[in-house]
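Student: please work out how this folds:
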Amino acid sequence: MATEGDPTGFVKVLHLLVISFIWGMQVWVSFIAGFVLISQVSMHTFGLVQSKLFPFYFYCLLGGNAVSLAIFAVYHPRELLDWHEGIQMTLFFVAVILAGLNAQWFGPSATESMLVMQEIEKEHGLGNQVGMSSNKEGYAKLREQDPKYKEHRTTFYRYHGLSNLCNLIGFFSTTVNLIYLALHLGTI
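Tutor: Sure thing, here's the model as predicted:
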């Protein structure tokens, strides 16, 4: 029987399911789906699919991380945290902030620039090839000739890089918290 301040069985299961869902989704989206997709469809199809999936992905991360943070915070009052729990709390908080930045700012900004780039590429007959390494010369020539394209490409890669960085730090945060949770299971 749970005493005051101890989570119930339901809360423990919910916390484990949410953090496992987040981690699994991060592994799939970050390390598997994109690499498979880019090798199988055209660049523009890849960009379109990513532009539809990423908002859903980022908001799922934001919601899941917020739930994990809330559950952890309720059962670990700040005044009673040891240093391990303080690190966990910080990592949950970091994951929420970074998912929010991706959902609200980096993701939409990268998508906006990507869509403009795709329109310009279509005008020049680019974007229908499969894979990133095909027709490098055509893209290099377009960057040299079209300042608008070059500007949007720079903007896209800036936000895409920041989004990737946030995603990887969020993944690291979730991984550390999941490891800590696993190490403190009573039994399997």
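Student: how about the nearest residue to N128, chain neighbours excluded?
Tutor: Spatial nearest neighbour of N128, chain neighbours left out: S42 (4.9 Å); criterion: C-beta to C-beta, 6 or more residues apart in numbering. Every residue, glycine included, has its C-beta placed from N, CA and C.
Student: revised request: answer the last question for V29.
Tutor: Excluding the flanking residues, the one nearest V29 by C-beta to C-beta, 6+ apart is Y57, at 5.3 Å.
Student: try K122
Tutor: H44 (7.4 Å).
Student: which SSE is immediately downstream of the helix or strand hosting the one you found?
Tutor: Taking DSSP states H and E as the definition, H44 sits inside helix 43-75. Using DSSP H and E, the next helix or strand after helix 43-75 towards the C-terminus is helix 83-101.
Student: off-centre distance for that following helix?
Tutor: Taking C-alpha atoms, centre = their mean, to the nearest Å, one finds helix 83-101 lying 15 Å from the centre of the chain it belongs to.
Student: of all the residues in the next helix or strand after that helix, which ones are buried?
Tutor: Downstream of helix 83-101, the next assigned helix or strand under DSSP H and E is helix 107-123. By neighbour count with 16 or more other C-beta atoms under 10 Å, helix 107-123 contains the buried residues 107-111, 113-114, 116-118, 120-121.
Student: now helix 107-123 against helix 43-75, angle please.
Tutor: Counting by axes from the mean of the first three to the mean of the last three C-alpha atoms, to 10 degrees, helix 107-123 points 180 degrees away from the direction of helix 43-75.
Student: any idea of the mean pLDDT for helix 107-123?
Tutor: Regarding helix 107-123, the rounded mean pLDDT is 95.
Student: who does that helix touch, helix- and strand-wise?
Tutor: helix 43-75, helix 136-145, helix 147-183 (3 or more C-beta pairs under 8 Å, 6 or more residues apart in numbering; DSSP states H and E).
Student: helix 136-145 and that one, what's the angle between them?
Tutor: Counting by the same axes, to 10 degrees, helix 107-123 lies at 100 degrees to helix 136-145.
Student: which residues touch stretch 160-169?
Tutor: Contacts to stretch 160-169, defined as C-beta atoms under 8 Å, 6 or more residues apart in numbering, come from residues 26, 30, 94, 98-99, 101-102, 106-107, 110.
Student: how close does the nearest residue in space to F156 that is not next to it in sequence get to E123?
Tutor: Residue nearest to F156 in three dimensions, not counting chain neighbours: S113, with 3.8 Å by C-beta to C-beta, 6+ apart. As defined by C-beta to C-beta, to the nearest Å, S113 lies at a distance of 16 Å from E123.
Student: what do you get for G100?
Tutor: Noted for G100: a distance of 35 Å to E123, by C-beta to C-beta.
Student: now swap in L16 and tell me
Tutor: Taking C-beta to C-beta, one finds L16 at 51 Å from E123.
Student: shaky segments in the protein?
Tutor: For the chain, applying pLDDT under 70 flags the ranges 1-4, 132, 187-188.
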